[in-house]
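> pasting the structure only:
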């Protein structure tokens, strides 16, 4: 039948919503704030309504301030504090001293709260995200997001980045136009920017009552009610009639909402074409459907700092963002070549949980877990699928920034933390034999290295502790000690990657570091087959050393490396006992010694097969050491004569820019010896995505250049693609530089 407008009173609408969403009737914020925490969590209804949300935005758009108000209105904290910590306390979610001092968020913080019997997990993320692996980690555990925008500045450079990330991982979101109390605020301009710059199908679901210093509240254009926020901290929400001078504007905005919604929802489109007006329930259901399908973004209004508009936004989170079962997730089956397997999100199914963040506390390692299906119970045994270890759960807690609350069990869709679990970030846990993981096991090899050491000798313990924590957190970060110089070498996925970890060492552990120049991880190989016949003889009075080895080295093809599953191979073709069998393992170790450091630039050797087919020994002077030394010398000497070549890492670079900067950006990529693979223009012609292959050695400083070329609007990602041979002139330059460094170090 025809859906009619204004047929339902406010009381009927609220009754309908509470029954449909299992909500209690809450007449004021005090109803939620006053309930004791244990009683709220014992409610069986709390399990039915569950939201995992993240709050993302450009730097200084008010994310942490908004979270502080949400925590206050949901009863999680008893007072509101300023982000910059002028009152000596600082925002709850900024738990680090540095965060409170600077007024910024450095680390992600997790908390939970309850609003009208709905359990909401909130992750307050940093405004500047530097790595794809970090972004995936945060967005992986979220089912929805709130995109916060400044009412004055609108869409800024980091808003573009956050939007791309949300689209990449299909995160449904609401938008919240903040800071409407500021001079120059203009929500209509911000919504237009959402459509023009972010290409979002966005429309307002609220109209602000006044702007700047006259901002008093908001009007809900769906339910046609005005909301005013009274009390010392805006905790009393008062409903009122729409002011007479705003009724025409609300009507206009409502029709515009229907028009935008009809573009992405067939039911609303049909009603719109028939010139019928949907009722409140129909409209809310349509908004929910389109938000979950990522085809519509409802825009809320307010000023978090002035305590206005936060409670209706919380209602919007419950009404429109998906619950865990509604957001599709897939596990990867390791027994079937990482084939995707749907995750059910049911408590009764086998456990699947992802460790997405690690934190060092005074009680040991704290592991943040998102449960995708099944249940976690205190005292149960779980398996780490990545390393096969079985562990017992000693303590499960719910996190509230840097505070914690012990719980005995947690169900599907929840975000909790555990003590006593030794694991790495992005490890998957299960309670049975199923070989499923929530993230790919593939970890790319590092492509850039940096020598680091603490400025003060007494900081070495903290330095080692920081490196240990970082390598657990990030599987792409590697650490080794150089045998010649005794320097600590940090290896990672690029310049920015390493810079941020050095900065974190200073911020989180107070360890100032001395940094060497970035070094590209070159490799060495050979160009042709070369035979060897090498004798190692050493006489030292008494038993000496004697070993003779005969064989050859030859290049390995890509197909052969894929078949054997490694980049080098030792093959023993010996017949008889000229080389006694007990020395075969020593010969293989000697081969690996030679492979670890090539003769051209001291880089690791790959794409080489070493074949041992004969030799000689002495009954007294031969030993493991003699054969290991002889084999290493033979392989090194043979590789020097086998047309050795240097391989450099080639990066697959993806650049996303507004189309007006295309010429300058392509020119810069060509200057860096980039090979353009594809260039794609977005459907509306506003943006361009360029894919190129560029030598890593030519990518230093590119982030700064791209920012200056695109007025901060460009973004690029870079990942390792392959190693290829360098040209002859570059090979000669690299060899000369290596010899010079060796002389200086000696």
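Cool, got the structure. Everything numeric here is computed off the predicted structure, so don't read it as measured data. Residues are numbered from 1 along each chain as shown.

> Can you check what pLDDT the model gives residue 483?
If you check residue 483, the pLDDT there is 68.

> now the residue nearest to residue 414 when sequence neighbours are not counted, what's its secondary structure?
Excluding its sequence neighbours, the residue lying closest to residue 414 (CB to CB, 6 or more residues apart in numbering) is residue 371, at 5.2 Å. From N, CA and C alone the C-beta is placed, and that goes for glycine too. The three-state assignment at residue 371 reads strand, by DSSP: H, G, I helix; E, B strand; the rest coil.

> What is the burial count for residue 371?
By other CB atoms under 10 Å, 23 other residues sit near residue 371.

> swap in residue 569?
Residue 569 has 17 neighbours, counted by other CB under 10 Å.

> in the protein, which helix or strand is least confident?
When each helix and strand of the chain is scored by mean pLDDT, DSSP states H and E, helix 37-42 comes last, with a mean of 32.

> check which helix or strand covers residue 165.
helix 157-168 (DSSP states H and E).

> Please point out which parts of that helix sit buried.
158, 159, 160, 161, 162, 163, 164, 165, 166 (16 or more other CB atoms under 10 Å).

> and the gap between the closest residue to the third one other than its chain neighbours and residue 166?
For residue 160, the nearest residue in space outside its immediate sequence neighbours is residue 713; the separation is 6.3 Å by CB to CB, 6+ apart. When CB to CB, to the nearest Å is applied, the distance between residue 713 and residue 166 equals 17 Å.

> what do you get for residue 147?
7 Å.

> so where's the longest strand in the protein?
Criterion DSSP state E: the longest strand present in the chain is strand 645-658.

> That one pairs with which strands, parallel or anti?
Strand 645-658 sits in its sheet next to strand 523-525 (antiparallel), strand 687-695 (antiparallel), strand 715-725 (antiparallel), going by DSSP bridges.

> can you tell which of these is closest to residue 499?
strand 715-725 (13.9 Å; CB to CB).

> hmm, who's touching that closest one?
Applying CB atoms under 8 Å, 6 or more residues apart in numbering, the contact partners of strand 715-725 are 132, 160-161, 164, 444-445, 447, 493-494, 523, 525, 606, 645-657, 693, 699, 702-703, 706.

> Now with 6 Å, please.
Around strand 715-725, the neighbours that count as contacts under CB atoms under 6 Å, 6 or more residues apart in numbering are 132, 161, 444, 447, 494, 523, 645, 647, 649-656, 706.

> and those residues, which are buried?
Buried subset of those (neighbour count, 16+ other CB under 10 Å): 161, 447, 494, 523, 645, 647, 649-651, 653-656, 706.

> before we move on, back to that, past the longest strand of the chain, which element shows up next along the chain?
Next in sequence after strand 645-658, counting helices and strands by DSSP H and E, comes helix 662-671.

> tell me what the next helix or strand after that following helix is packed against?
Next helix or strand after helix 662-671 toward the C-terminus (DSSP H and E): strand 675-681. The contact analysis (3 or more CB pairs under 6 Å, 6 or more residues apart in numbering; DSSP states H and E) places strand 675-681 against strand 687-695.

> Flag every buried residue along the strand it packs on.
So for strand 687-695, counting by 16+ other CB under 10 Å, buried means 687, 688, 690, 692, 693, 694, 695.

> and the gap between the fourth one and residue 702?
Meaning residue 692. From residue 692 to residue 702 the distance is 11 Å (CB to CB).

> Residue 57 now?
From residue 57 to residue 702 the distance is 26 Å (CB to CB).

> The two: which has the busier surroundings?
Neighbour comparison, residue 57 and residue 702: the larger count goes to residue 57, with 25 against 22 (by other CB under 10 Å).

> can you tell me which residues contact the more buried one?
When contacts are counted by CB under 6 Å, 6+ apart, residue 57 touches 63, 148.

> how near is it to residue 178?
Distance from residue 57 to residue 178, by CB to CB: 8 Å.

> which residues do those two both contact?
Common neighbours of residue 57 and residue 178, using CB under 6 Å, 6+ apart, are residue 148.

> what's the helix or strand for the spatially closest residue to residue 203 that is not a sequence neighbour?
With CB to CB, 6+ apart as the measure, residue 260 is the residue that lies nearest to residue 203, at 3.9 Å, once sequence neighbours are left out. Using DSSP H and E, the element containing residue 260 is helix 247-262.

> from the chain's centre, how far out does that helix sit?
37 Å (CA atoms, centre = their mean, to the nearest Å).

> what packs against it?
If you count contacts as 3+ CB pairs under 6 Å, 6+ apart, helix 247-262 packs onto strand 202-204, helix 266-273.

> Go through these and pick out the most buried.
Mean neighbours per residue, mean count of other CB atoms under 10 Å, is largest over those for strand 202-204, with a mean of 23.

> contact partners of that one?
Residues from elsewhere that reach strand 202-204, judged by CB under 6 Å, 6+ apart: 191, 194, 195, 253, 257, 260, 297, 299.

> can you check stretch 262-275 too?
201, 258, 261, 278, 286, 290, 295, 296.

> Among the residues you listed, name the buried ones.
Looks like the contacts of stretch 262-275 have 258, 261, 278, 286, 290, 296 buried, using 16+ other CB under 10 Å.

> Dump these into TSV; add distance to residue 596 and pLDDT as well.
Below are the buried ones among the contacts of stretch 262-275 laid out as TSV (distance: CB to CB, whole Å; pLDDT from 0 to 100):
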residue	distance to residue 596	pLDDT
258	68	88
261	63	89
278	70	85
286	63	91
290	57	92
296	57	92
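
> Okay, helices next: where are they in the stretch 351-500 of the chain?
For the stretch 351-500 of the chain, the helices defined by DSSP state H, counting those that start in this stretch cover 460-473, 495-509.

> Including mean neighbour count and distance to residue 415, could those go into TSV?
Formatted as TSV, the helices of the stretch 351-500 of the chain follow (neighbours: other CB atoms under 10 Å; distance: least, CB to CB, whole Å):
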stretch	mean neighbour count	distance to residue 415
helix 460-473	17	17
helix 495-509	18	22
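
> Save those as a markdown table, and put in distance to residue 733 too.
Listed next are these as a markdown table, based on distance: least, CB to CB, whole Å:
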| stretch | distance to residue 733 |
| --- | --- |
| helix 460-473 | 32 |
| helix 495-509 | 21 |
